[in-house]
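*Asks:* model this:
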Amino acid sequence: MFDYETLKLIWWVLIGVLLIGFALTDGFDMGAMALMPFVGKTDNERRVAINTIAPHWDGNQVWFITAGGALFAAWPVVYAVAFSGLYWAMLAVLFALFCRPVGFDYRSKLENQQWRTAWDWALFVGGAAPALLFGVAFGNLFLGLPFRLDALMRSTYEGSFFGLLHPFALLAGVVSLSMLSAHGGAWLMMRTDAALHARARVATRLCSVVFMLAFAAAGLWLVLAIPGMSVADGIDLGGSINPLGKQVNATNAGWMANYAHYPLTIGAPLLGFIGGFIALLGAQTNSGVVAFVGSSLAIIGTICTAGFALFPFVFPSSIDPASSLTVWDAVSSQKTLGIMFVVACIFVPLILAYTLWCYTRMWGRLTDKTIEANPHGLY
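*Replies:* Just a heads-up that it's a prediction; the model follows:
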């Protein structure tokens, strides 16, 4: 089995992979529903948009649940601080996600336009709100969160929900929302035709442009105006949990330091821009597959950009930098990480296998005729 230091690094990578898996799969679900009230002008068109994700949306949630479980098991201190300090933000995401299952199940129960319109907007909230708030959360990591740890490792959070709505964090939310909306639009391009396909194409093009502009603006803001953090001393890469045993400095170059030390990491933001451009090109040339590949690359590049910039920090503190949680000092024991690694090696490939099988079995374009032929068998 790997040594403790290597296992810590492996689990940083694996949690990143789970987050990317969630964004790639559940991301187009959320993006498609964020666009649905705008690209679907008739009831049948909206039902087509909904049914493009109907067979898969709940299965895609597995990535979210798995990432949350891995966070709890691999980084218990991070989990505790995040879910206690960000309680109201987490509830906002949870209640937004509640709109999805009930919206899918109840929307078509009544043939009433007001009833269906209300559920359409509920599905919009269930897609757009989490996409926005996940980005806001990542933005706040770069700003630092107002918490501190005492000698007994008890965390005290001194912020509020509205304190999270910093302009930079909101810009990061725009990056996330536009990125996932472009991903959802590309998905609708692949799975629909006629007028709905044409509107999804326009939406994908617009969202791709917004994503690239917001991504560039967030990067410039981070470089020019937001001081980063760096570990100065006192951290044992292979040691046990001891978040308060290190010294942390806040410097203007902090969040950019890894890009200077490891030049290959510059590939992540470049991949984000390249993916956004490919998504735009796919929408421009009316190729849903190209647009979807581009939006997928943009997601991978964007998440990796954030991860590389923050490393080794996972949960930085703005009021007590020494309390900041890192990959090295906020993890579970070596035995726990080792057991989890074996479990991940078994079950992550299984998740990938059955996900791919489901998509290949349920692939195809949906049309108005599909809806009309199955008035009660589809959402």
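
*Asks:* for residue 344, see how far away the nearest residue to residue 98 once chain neighbours are set aside is.
*Replies:* Nearest residue to residue 98 in three dimensions, chain neighbours excluded: residue 126, at 7.4 Å (C-beta to C-beta, 6 or more residues apart in numbering). C-beta here means a position set from N, CA and C on the backbone, and glycine is covered the same way. Here the criterion is C-beta to C-beta, to the nearest Å. By it, residue 126 lies 29 Å from residue 344.

*Asks:* between these two, which is the more surrounded one?
*Replies:* The neighbour count for residue 126 versus residue 344, taken as other C-beta atoms under 10 Å, is higher for residue 126 (25 against 19).

*Asks:* so what does the helix or strand harbouring that one touch, helix or strand wise?
*Replies:* Per DSSP states H and E: residue 126 is located in helix 113-143. Helices and strands touching helix 113-143, by 3 or more C-beta pairs under 8 Å, 6 or more residues apart in numbering; DSSP states H and E, are helix 4-39, helix 43-53, helix 87-106, helix 167-191, helix 288-310.

*Asks:* would you turn these into TSV with mean pLDDT and mean neighbour count?
*Replies:* Formatted as TSV, those follow (pLDDT from 0 to 100; neighbours: other C-beta atoms under 10 Å):
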stretch	mean pLDDT	mean neighbour count
helix 4-39	92	22
helix 43-53	90	23
helix 87-106	89	16
helix 167-191	96	26
helix 288-310	95	23
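
*Asks:* among those helices, which is nearest residue 139?
*Replies:* Between residue 139 and those, the shortest gap by C-beta to C-beta is with helix 167-191, which sits at 2.9 Å.

*Asks:* now do that closest one and helix 4-39, the angle between them.
*Replies:* If you take axes from the mean of the first three to the mean of the last three C-alpha atoms, to 10 degrees, helix 167-191 sits at 70 degrees to helix 4-39.

*Asks:* quick one: helix 167-191 to chain centroid distance?
*Replies:* On the basis of C-alpha atoms, centre = their mean, to the nearest Å, helix 167-191 sits 10 Å off its chain's mean C-alpha point.

*Asks:* show me what whichever helix or strand comes after that helix is packed up against.
*Replies:* Counting by DSSP H and E, the next helix or strand C-terminal to helix 167-191 is helix 194-225. Using 3+ C-beta pairs under 8 Å, 6+ apart, the elements in contact with helix 194-225 are helix 4-39, helix 43-53, helix 167-191, helix 267-284, helix 288-310.

*Asks:* could you dump those to JSON lines with distance to residue 245?
*Replies:* Formatted as JSON lines, the helices and strands packed on helix 194-225 follow (distance: least, C-beta to C-beta, whole Å):
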{"stretch": "helix 4-39", "distance to residue 245": "15"}
{"stretch": "helix 43-53", "distance to residue 245": "47"}
{"stretch": "helix 167-191", "distance to residue 245": "29"}
{"stretch": "helix 267-284", "distance to residue 245": "30"}
{"stretch": "helix 288-310", "distance to residue 245": "20"}
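
*Asks:* just to revisit the earlier point, for the residue nearest to residue 98, give me its contacts.
*Replies:* By C-beta atoms under 8 Å, 6 or more residues apart in numbering, residue 126 lies in contact with 30, 33, 96, 97, 98, 99, 100, 103.
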